[in-house]
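J.: Sequence below, structure please.
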Amino acid sequence: MRLALGISYLGAAYQGWQSQPSGQTVQDRLEAALAAFATTPIATLCAGRTDAGVHGLMQVVHFDTPLRRELFSWVRGVNRFLPPDIAVQWAREVPETFHARASALARRYAYILLESPVRPSLEAGRAGWSFRPLDGAAMQQAASHLLGEHDFTSFRAAACQALSPVKTLTRASVARCGPYWRFDFEANAFLHHMIRNIMGCLVAIGQGQRPPQWMQQVIAARSRDAAAPTFAPDGLYFLGPRYAPEWQLPEKTAAFEWLPQPFSRY
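T.: Numbering: from 1, shown residues only. Predicted coordinates:
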């Protein structure tokens, strides 16, 4: 039997998603909880790996198991063995042809940024920060240059293992949410640190350090040196993958409502 799980987590305490010898990753904690519940080792495959400090509102994993339990038991039973900052949100039985990563049509992220002369306190670890005022129209104009198929080498980390830097970005939106800014991105796939490197450029443009047209120059350069420094992981949220309707999997969890909601779009 193949199962898919939807997982939400705060990433501040973990060294990213992917299993590490330290055991301090979200995957390590999830697989330990699955093993405790199923009384046998279970290896998972995810829809998209996240970096240290990055959060997940709906990471999707799949695994094969001979163990038969009610779906709600996989949720409640596994959550019993998970720390408070990681939780299984749903469980679904899926065909053996389903693959959490390969079946994904697209992946979605949001970045939450606090604009304030004072650093975050309650939002520490959960939102990025700009102590300078930001120009939303300039950031949206810059973000529009990212749409479509591009070589995103300028936004690629040196450790990136992707076979190609060419990706197709279908959404790059900027919205005001009171003292917060929300940036939404959707693409067929993302490179390592791609969004955090894009955010570094957007914030530089929003603060007036660069004009919106600079984003075109950064893309064309195809060089990491052309872009701004990598922005903090604190405000980055993996919203999850998109799948074809035939898989009948949820597109969001209740955690989505926790994020600031836009009231002014640019």
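J.: use CA for all of it now, contacts and neighbours both
T.: Will do.
J.: quick one, phi psi at the closest residue to residue 20 other than its chain neighbours?
T.: Nearest in space to residue 20, with sequence neighbours left out and distances taken as CA to CA, 6 or more residues apart in numbering, is residue 28 at 7.5 Å. Dihedral pair for residue 28: phi -60, psi -40, per degrees, to the nearest 10.
J.: Strands of the stretch 1-150 of the chain, start to end?
T.: With strands called from DSSP state E, counting those that start in this stretch, the stretch 1-150 of the chain shows them at 2-9, 45-46, 55-64, 86-94, 106-115, 128-130, 148-151.
J.: dump the residue contacts of residue 213.
T.: residue 142 (CA atoms under 8 Å, 6 or more residues apart in numbering).
J.: On the pLDDT front, check it for me.
T.: Residue 213 is assigned 97 on the pLDDT scale.
J.: could you check the distance from it over to residue 141?
T.: 8 Å (CA to CA, to the nearest Å).
J.: circling back: ok, which of the strands of the stretch 1-150 of the chain comes nearest residue 258?
T.: Evaluated over the strands of the stretch 1-150 of the chain, closeness to residue 258 peaks at strand 55-64, with 9.6 Å, by CA to CA.
J.: Pairing partners for that closest one, with directions?
T.: The pairing partners recorded for strand 55-64 under DSSP bridges are strand 2-9 (antiparallel), strand 45-46 (antiparallel), strand 236-242 (parallel).
J.: any residues touching it, and which ones?
T.: By CA under 8 Å, 6+ apart, strand 55-64 touches 1-12, 42-48, 50, 99-100, 234-241, 252-253, 255-256.
J.: My understanding was that residue 229 contacts residue 199; is that so?
T.: No - using CA atoms under 8 Å, residue 229 is not in contact with residue 199, being 9.1 Å away.
J.: Who has more neighbours out of these two?
T.: More neighbours surround residue 199 than the other of residue 229 and residue 199, with 25 against 16 (other CA atoms under 10 Å).
J.: Give the helix, strand or coil label for the more buried one.
T.: What DSSP: H, G, I helix; E, B strand; the rest coil gives for residue 199 is helix.
J.: What of the one 5 residues further on?
T.: When states are read from three-state DSSP, the local structure at residue 204 comes out as helix.
J.: Let me know the pLDDT of it.
T.: So, for residue 204, pLDDT stands at 98.
J.: Tell me how many other residues crowd the residue nearest to it when sequence neighbours are not counted.
T.: Nearest in space to residue 204, with sequence neighbours left out and distances taken as CA to CA, 6+ apart, is residue 210 at 6.1 Å. Counted with other CA under 10 Å, residues neighbouring residue 210 total 15.
J.: again, but for residue 49
T.: Counted with other CA under 10 Å, residue 49 comes out at 19.
J.: Thought residue 19 was touching it, still the case?
T.: No - checked against CA under 8 Å, the pair residue 49 and residue 19 is beyond contact range at 10.1 Å.
J.: where does the chain dip in pLDDT?
T.: The model of the chain has pLDDT under 70 over residues 264, 266.
J.: The closest residue in space to residue 48 that isn't next to it in sequence: neighbour count?
T.: Distances taken as CA to CA, 6+ apart put residue 101 closest to residue 48, at 6.6 Å, once the chain neighbours are dropped. Using other CA under 10 Å, residue 101 has 20 other residues around it.
J.: Could you do residue 149 as well?
T.: Residue 149: 13 neighbours (other CA under 10 Å).
J.: what do you get for residue 170?
T.: 17.
J.: what about it, which helix or strand?
T.: Following DSSP states H and E, one finds residue 170 within strand 166-177.
J.: CA atoms only: put that strand into CSV for me.
T.: Taking Å, rounded to 0.1, in the frame of the first residue of the first chain, the C-alpha atoms of strand 166-177 are listed here in CSV:
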residue,chain,number,x,y,z
VAL,A,166,16.3,26.7,-16.5
LYS,A,167,12.9,26.9,-14.7
THR,A,168,9.5,28.3,-15.5
LEU,A,169,8.1,30.8,-13.0
THR,A,170,4.3,31.2,-13.4
ARG,A,171,3.7,33.5,-10.4
ALA,A,172,5.7,36.2,-8.7
SER,A,173,3.3,38.5,-6.8
VAL,A,174,3.8,41.2,-4.2
ALA,A,175,1.1,42.3,-1.7
ARG,A,176,0.8,44.5,1.4
CYS,A,177,-0.6,43.0,4.6
